[in-house]
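Undergrad: Here is the input, now give the coordinates:
(one chain, ligands or ions: 1)
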Amino acid sequence: MATRVAVVTGGNRGIGLEICRQLASSGVLVVLTARDEEKGSRAVEELQGSALPDVIFHQLDVADRSSIARLAEFIKTKFGKLDILVNNAAIGGTTIDPERLKELQMQNPEEDVRTFVDGYLGSLQQSYELAKECLDINFNGTKDVTECLIPLLLLSKSGRVVNITSQTAQLKFMSNEGVIKVLSDIDSLSEEKLDEVTCAFLADFKDGNLAARGWLPVASAYAASKALVNAHSRLLARRHPSLAVCCVTPGFVRTSMNYGMGLVSAAEGARPPVALALRDEPGDSGLNFELFDECEF
Ligand SMILES: NC(=O)c1ccc[n+]([C@@H]2O[C@H](COP(=O)([O-])OP(=O)(O)OC[C@H]3O[C@@H](n4cnc5c(N)ncnc54)[C@H](OP(=O)(O)O)[C@@H]3O)[C@@H](O)[C@H]2O)c1
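TA: Presented below is the predicted three-dimensional model:
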């Protein structure tokens, strides 16, 4: 098979960097992207220095449409097509009190995982500004990058989009029946409806109505943004039957997003998305995976 070309967003650190490393180790030519040129170039040097020459850097801020257009033009000119897009870039949209973080860092998450994760999520603080940024980057940014690169993915023999999602985005954790209906009714889903859900979420946040309206009360913007990514993936899978568009949860991974907390390393967390990116089976488009297993949206 001719060399496949992959774009990975947010490739300068965490799970994204490990996805780049593992894809390049599997013979894929990787375009490692990052919003910060210096951080991205340093990450590429690190990979090239560990005998992975087929990794190149291109700047990409997923929240900046001109940056997205420049990346698309670069891929078109250099490769004429794109085989794999891994939408990894995201922010948590929360802050944490440093004293509370110290307490959490003293605990052993593996002693009682559920209690630890609930304690951790319950400690996260939110603000309207961060919530808005979180939706802009995680949902609108991912959507804009994907839509801009779709024409190039359609030129591949087996174009694949892998969206990194979260367990917190699963609709079973939400109780807003209206939103659940919109996000799960794939037949009538549209970009306009996803934008309406975004606006409704932000209005509820502003009015202090998150819990009353059945949004996840912790890490609310993050969960909502990833639920929107999930729904958009299903919409694209339907619209483009020749592409494979999937979502995958990497687990609870020790990265900056989690303030260094989690149960597995970034390398471990990269394995499920990489397996999905390299998969070559028809019929998995429009699906959601938790680690390596299919799960409900
Ligand atoms: N860690 C977990 O337990 C976990 C669980 C479920 C899902 N995930 C998902 O896994 C993915 C990777 O997260 P991570 O844990 O590796 O977090 P991370 O270490 O914080 O990495 C996030 C990456 O996204 C980049 N990014 C943020 N905003 C961006 C923008 N506007 N344009 C381009 N890049 C941007 C960051 O770049 P900068 O360095 O410039 O900030 C960084 O490279 C995310 O989609 C996350 O939601 C993580």
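Undergrad: List, one by one, the residues from the stretch 1-150 of the chain near the ligand.
TA: With C-beta under 6 Å from any ligand atom as the criterion, the stretch 1-150 of the chain meets the ligand at residues 9-10, 12-16, 34-36, 39, 60-63, 88-91, 137, 141. C-betas here are computed from N, CA, C, even on glycine.
Undergrad: Next to the ligand in this structure, residues from the stretch 151-297 of the chain, please.
TA: Within the stretch 151-297 of the chain, the residues that sit near the ligand (C-beta under 6 Å from any ligand atom) are I164, S166, T249, P250, F252, V253, T255, S256, M257, N258, G262.
Undergrad: So which of the residues of the stretch 1-150 of the chain next to the ligand belong to helices?
TA: Using DSSP state H, the subset of these located in helices is G14, I15, G16, K39.
Undergrad: quick revisit: what subset of the residues of the stretch 1-150 of the chain next to the ligand is buried?
TA: 9-10, 12-16, 34-35, 60-63, 88-91, 137, 141 (16 or more other C-beta atoms under 10 Å).
Undergrad: In strands, which of those fall?
TA: Secondary structure from DSSP state E places A34 of those in strands.
Undergrad: What's the first helix or strand after the lowest-mean-pLDDT helix or strand in the chain?
TA: The least trusted helix or strand in the chain, going by mean pLDDT, DSSP states H and E, turns out to be helix 113-123, with a mean of 92. Beyond helix 113-123 on the C-terminal side, the first helix or strand identified by DSSP states H and E is strand 124-125.
Undergrad: tell me the mean pLDDT over that next one?
TA: On average, the pLDDT along strand 124-125 is 96.
Undergrad: now for the longest helix along the chain, which elements pack on it?
TA: The longest helix of the chain (DSSP H) is helix 220-239. Counting contacts by 3 or more C-beta pairs under 8 Å, 6 or more residues apart in numbering; DSSP states H and E, helix 220-239 is packed against helix 128-134, helix 142-153, strand 160-164, helix 177-184, helix 191-206, strand 244-249.
Undergrad: Identify the residue nearest the geometric centre of the chain.
TA: I164 (3.3 Å; C-alpha atoms, centre = their mean).
Undergrad: Excluding chain neighbours, what is closest to that one?
TA: N88 (4.9 Å; C-beta to C-beta, 6 or more residues apart in numbering).
Undergrad: residue contacts, the one you found?
TA: V8, T9, G10, G11, I15, G16, I19, I164, P273 (C-beta atoms under 8 Å, 6 or more residues apart in numbering).
Undergrad: mind redoing it with 6 Å?
TA: By C-beta atoms under 6 Å, 6 or more residues apart in numbering, N88 lies in contact with V8, T9, G10, G16, I164.
Undergrad: sorry, back to before: just the buried members of the residues of the stretch 151-297 of the chain next to the ligand?
TA: Buried, going by 16+ other C-beta under 10 Å: I164, S166, T249, P250, F252, V253, T255, M257, N258, G262, out of these.
Undergrad: Could you dump those residues into CSV with distance to F292 added?
TA: Converted to CSV, these look like this (distance: C-beta to C-beta, whole Å):
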residue, distance to F292
I164, 14
S166, 16
T249, 10
P250, 11
F252, 15
V253, 15
T255, 20
M257, 21
N258, 21
G262, 18
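Undergrad: out of these, which are inside strands?
TA: The strands, defined by DSSP E, take in I164, T249 from those.
Undergrad: Identify, from the buried ones among the residues of the stretch 151-297 of the chain next to the ligand, the entry nearest to F289.
TA: T249 (7.0 Å; C-beta to C-beta).
Undergrad: circling back: farthest-apart pair in the ones in helices among the residues of the stretch 1-150 of the chain next to the ligand, please.
TA: So, those by C-beta to C-beta: farthest apart are I15 and K39, at 15.0 Å.
Undergrad: rewinding a little: among the contacts of N88, which one lies nearest to the ligand?
TA: The ligand has its nearest neighbour among the contacts of N88 in G10, at 2.7 Å by C-beta to the nearest ligand atom.
Undergrad: State the pLDDT value of the residue nearest to the closest one when sequence neighbours are not counted.
TA: Counting by C-beta to C-beta, 6+ apart, A89 is the residue found nearest to G10 once chain neighbours are left out, at 3.1 Å. Reading off the confidence values, A89 has pLDDT 99.
Undergrad: Now do the same contact list for A89.
TA: Contacts of A89 (C-beta under 6 Å, 6+ apart): T9, G10, V62.
Undergrad: Repeat the analysis, applying 7 Å as the threshold.
TA: T9, G10, G16, V62, I137, G141 (C-beta atoms under 7 Å, 6 or more residues apart in numbering).
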